[in-house]
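1. pasting a predicted model and its sequence here:
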Amino acid sequence: MKNLKGLLAALLVTAGIFSLNSCDVTNISDVILQITVDFDPIFENKMVPDSSIDFTDLNDYETYRDNKDEIEDAQILHFNYRIDEIKTENNMDIDSIIFESVNFYLIPTTSDGSRIPGQRYKLGEFKNLHVADYYKTAKHIIEVPSELGNLISEQIKKTPYFIFVTEYSGLVGENVDNKFDYIESHMDMVLRIKTK
Amino acid sequence: MNRIIQFIIGITIISSLSFTSKAEFNKDGVLEVPGDFNLFTSINLQGYTKPLFTTIGQGAQSNLFTVASYDESYSIGIDLSLSSTLIPGSQQVYNAVLPAAFGDTNRMDNAVYLNGKIVRNIGGTVEQPTIYGGASNAIYVVAPVQGGDPADSIYKTIAFNEGNNINTMASIPAFQLVFGLPTRTELRFRYLGAPVDDQMYNHLAISANQQLDHWMNIFDEKDNMALALNASYQFMTLAETIDMNSWAVGLHFSKGFGDGFSLYGGLQVEDLSGTFYMVRKNGYNADFYLEDGTTLKNMSAIPQEQQLNYMAHVAARSDVETNPYEEVRLLKPLSFDIESFTSWRFTVGAAYEYGIMELHLDMGYASQMFLNGGLRLRFKEWANSDSVTE
């Protein structure tokens, strides 16, 4: 019988520890949501290599506005890149346009668009980018490394203003048409926001 | 204690239901969310919250019995119990329903980043986290893929709410009044009433335990064993938004070992059902639409006294005009049937009685494994002869 009482006592202690380690309903007060931020940079009447930029203000996103005073953490998870329209000066065939690389950067700014010195984050790159393979497709996704995502998280908590830079390299091949009338591209970026 | 319970209930209901938006009750007592509450449709909100309602239902139907031997006397007492559940992996995800065009490669191209891999052109449903789960998976979309400007399309990249990475969950504490009757019957009552905003959350429960074995002489008295039936009915309401009820029926058995120590176990079938109803601000009104239910009437067809509401509705619709879900675009209510994963449970436990106090602890198998523990105090006991035997 003493053993049984001991067993019950041990079970009670176990239950106590289990309960203390349990989340309770108050933990659901943490709300973690994802929002998509989109960029539509236009590269117009320029030679490559060069860059296109697009400015964004997270305040334009109602979900961000609703929660911005309670944001505990914000992280860029991944983004995708596609080309919606493209035309070189001499109407080069889309199948022949290949960039050596396309790099993507995020630069925090102030509300007037001024860049914050020393803050420029490379989010990722595509090498040997065949334009035809990026034309109106959703399949090209870049995962942002968590260390970088955390670094940017600190910036997102400080400022909701960003420039997204798409840096186009020169084209692969000889006798190519380096001047573009336009490159209309689109990026969707997924942010994870944790609020209290 | 009351303040703690009120706090817990308030947090549960409000945080569970408001998510990303500031929800509040309207004049009709219905929880109302702003029109930009666009991450959920009714069916996806049902899937996201079903494990939470399972926990609430399971907690409500826990701690209904301990030892199956009930005295032939009147008694009065209280029981305070806690319940904690283990959330299985299967309840950390649900199949979110995607908009109709998803998967139709003539209309769109889509891709989702799942566990380091890119999966393309998904349609129908996609696995997303429940309120207890982890990270969600946004779906990247481009449409139309032939002709037209993607900027004008309603099919754009969509995101989903994430879960809270919860593996174990404590339920709301159960405080019960316990009455014993000389028919070897025990009645238990629970009531929780707590203000949530300016509305009341009400939870009323009544359960009864009836010892059976002595009628059938199943056990020899010296074996100190007993068999009893337990039944319970409960309902929980929150204004006009939540209306749910739950019942449970089962058999439980116990064996005493002398010196106040007993082991007990039981098998119970149970159910939780009800309705959830929440509206979007300036939301859908059938009077504003033609017979097809989706085409707005002209302003001239709207009675003058409703024209202000009509204009507010039209303005609110403009905020969600590019949402791929028709329910969101039309600002229709969020309404679904409340369900639980749990339909039966098996319980084993132990109790130790010392004076007026009984410590009890049990654990068991149900859709969410659980551990319950509590303390019962029996203040007064009257034998059939009305003598106090405390």
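-> Yep, it's here. All values reported here derive from a predicted model rather than from experimental measurement.
2. for chain A, name the helix or strand with the lowest mean pLDDT.
-> Least confident element among the helices and strands of chain A, by mean pLDDT, DSSP states H and E: strand A:23-24 (a mean of 52).
3. ok, and what's touching whatever helix or strand comes next after it?
-> Counting by DSSP states H and E, the next helix or strand C-terminal to strand A:23-24 is strand A:31-39. Residues from elsewhere that reach strand A:31-39 (C-beta atoms under 8 Å, 6 or more residues apart in numbering or on different chains): A:54, A:56, A:58, A:61, A:63-64, A:67, A:77, A:164, A:186-195, B:15, B:19-20, B:39, B:136, B:138, B:156-164. For the C-beta atoms, the positions are set from N, CA and C on the backbone; glycine is no exception.
4. between the two ends of stretch A:106-117, how far is it?
-> In stretch A:106-117, first residue to last residue: 13 Å (C-alpha to C-alpha, to the nearest Å).
5. buried ones in that stretch, by neighbour count?
-> A:106-109 (16 or more other C-beta atoms under 10 Å in any protein chain shown).
6. what is the burial count for residue A:127?
-> Around residue A:127 there are 10 other residues, counting by other C-beta atoms under 10 Å in any protein chain shown.
7. list the residues that contact it.
-> A:100-101.
8. who does the strand or helix carrying it pair up with?
-> For residue A:127, the host element (DSSP H and E) is strand A:121-130. Paired neighbours of strand A:121-130 in the sheet (DSSP bridges): strand A:98-108 (antiparallel).
9. quick one: average pLDDT of the partner strand?
-> When pLDDT is averaged along strand A:98-108, the result is 95.
10. mind listing the helices for the stretch 151-300 of chain B?
-> With DSSP state H, counting those that start in this stretch as the criterion, the stretch 151-300 of chain B has helices at B:213-216.
11. how about the residues of it near chain A?
-> Residues of the stretch 151-300 of chain B lying near chain A by C-beta under 8 Å from any C-beta of the partner chain: B:151, B:156-164, B:166-172, B:257-259, B:261.
12. now, of these, which are buried?
-> Buried among those by 16+ other C-beta under 10 Å: B:156-164, B:166, B:168-172, B:261.
13. just give me the closest of those residues to residue B:363.
-> Nearest to residue B:363 out of these is residue B:168 (C-beta to C-beta; 12.6 Å).
14. beta partners for that closest one?
-> Bridge pairing for residue B:168 - DSSP bridges - gives residue B:86.
15. right, and it touches residue B:88 too?
-> No - taking contacts as C-beta atoms under 8 Å, residue B:168 lies outside contact range of residue B:88: 11.1 Å.
16. picking up where we left off before, closest to chain B among the buried residues of stretch A:106-117?
-> Nearest to chain B among the buried residues of stretch A:106-117, counting by C-beta to the nearest C-beta, is residue A:106 at 17.6 Å.
17. who are the contact partners of the closest one?
-> A:76, A:120-121, A:123, A:152, A:162-165.
18. and if we set it to 6 Å?
-> With contact taken as C-beta atoms under 6 Å, 6 or more residues apart in numbering or on different chains, residue A:106 is in contact with A:121, A:123, A:162.
19. distance to residue B:202, neighbour count and pLDDT added to these, as TSV?
-> Converted to TSV, those look like this (distance: C-beta to C-beta, whole Å; neighbours: other C-beta atoms under 10 Å in any protein chain shown; pLDDT from 0 to 100):
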residue	distance to residue B:202	neighbour count	pLDDT
A:121	52	18	90
A:123	51	23	93
A:162	48	25	90
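20. what about residue B:89, neighbour count?
-> Count around residue B:89 with other C-beta under 10 Å applied: 9.
21. now do residue B:349
-> 25.
22. ok, the helix or strand harbouring it: who's next to it in the sheet?
-> Residue B:349 belongs to strand B:344-354 when elements are defined using DSSP H and E. In its sheet, strand B:344-354 lies beside strand B:261-280 (antiparallel), strand B:357-365 (antiparallel), with partners assigned from DSSP bridges.
23. re the thing from before, between the contacts of residue A:106, which is nearest residue A:83?
-> Minimum distance to residue A:83 across the contacts of residue A:106 is 17.3 Å, recorded for residue A:123 (C-beta to C-beta).
24. residue ranges in the chain under the pLDDT threshold?
-> Picking chain A for this. A:1-30, A:196 (pLDDT under 70).
25. looking at chain B here, not the other one
-> For chain B, applying pLDDT under 70 flags the ranges B:1-22, B:35-36, B:384-390.
26. centroid residue for it?
-> Compute the mean C-alpha point of chain B, and by C-alpha atoms, centre = their mean the closest residue is residue B:53, 1.4 Å away.
27. that residue belongs to a helix?
-> Yes - under DSSP: H, G, I helix; E, B strand; the rest coil, residue B:53 sits within a helix.
28. list the beta-bridge partners for the closest residue to it other than its chain neighbours.
-> For residue B:53, ignoring the flanking residues on the chain, the nearest one in space by C-beta to C-beta, 6 or more residues apart in numbering or on different chains is residue B:338 at 5.3 Å. Residue B:338 has these beta-bridge partners by DSSP bridges: residue B:274.
29. was I right to think residue B:338 contacts residue B:274?
-> Yes - assessed by C-beta atoms under 6 Å, residue B:338 is found in contact with residue B:274 at 4.0 Å.
30. now do the shared contacts for those two.
-> Joint contacts of residue B:338 and residue B:274 (C-beta under 6 Å, 6+ apart) are residue B:244.
31. these two: which has the busier surroundings?
-> Neighbours per residue, other C-beta under 10 Å: of residue B:338 and residue B:274, the larger number sits with residue B:338, 22 against 19.
32. residue contacts, that one?
-> By C-beta under 6 Å, 6+ apart, the contact set of residue B:338 is B:53, B:244, B:274, B:276.
33. likewise for residue A:132?
-> So residue A:132 contacts A:94-95 (C-beta under 6 Å, 6+ apart).
34. that one: what secondary structure?
-> Three-state call for residue A:132 (three-state DSSP): helix.
35. for chain B, see how far away it is.
-> Computed with C-beta to the nearest C-beta, to the nearest Å, the distance linking residue A:132 and chain B is 14 Å.
36. got it, and residue A:127?
-> Counting by C-beta to the nearest C-beta, the gap from residue A:127 to chain B is 17 Å.
37. quick check: the residue lying closest to residue A:50 once chain neighbours are set aside vs residue A:130, distance?
-> The shortest distance from residue A:50 to any non-neighbouring residue, by C-beta to C-beta, 6+ apart, is to residue A:168 (6.3 Å). Per C-beta to C-beta, to the nearest Å, residue A:168 is found 14 Å from residue A:130.
38. got it, and residue A:76?
-> 26 Å.
39. and what of residue A:67?
-> 40 Å.
40. among these two, which residue is more densely surrounded?
-> residue A:67 (22 against 15).
41. that one: what secondary structure?
-> helix.
42. so what's the residue count around residue B:348?
-> Residue B:348 has 12 neighbouring residues, counting by other C-beta under 10 Å.
43. could you tell me the end-to-end distance of stretch A:118-136?
-> End-to-end for stretch A:118-136, by C-alpha to C-alpha: 34 Å.
44. ok, stretch B:172-191 next?
-> 12 Å.
45. cool, stretch A:113-121 as well?
-> Terminal residues of stretch A:113-121 lie 16 Å apart, using C-alpha to C-alpha.
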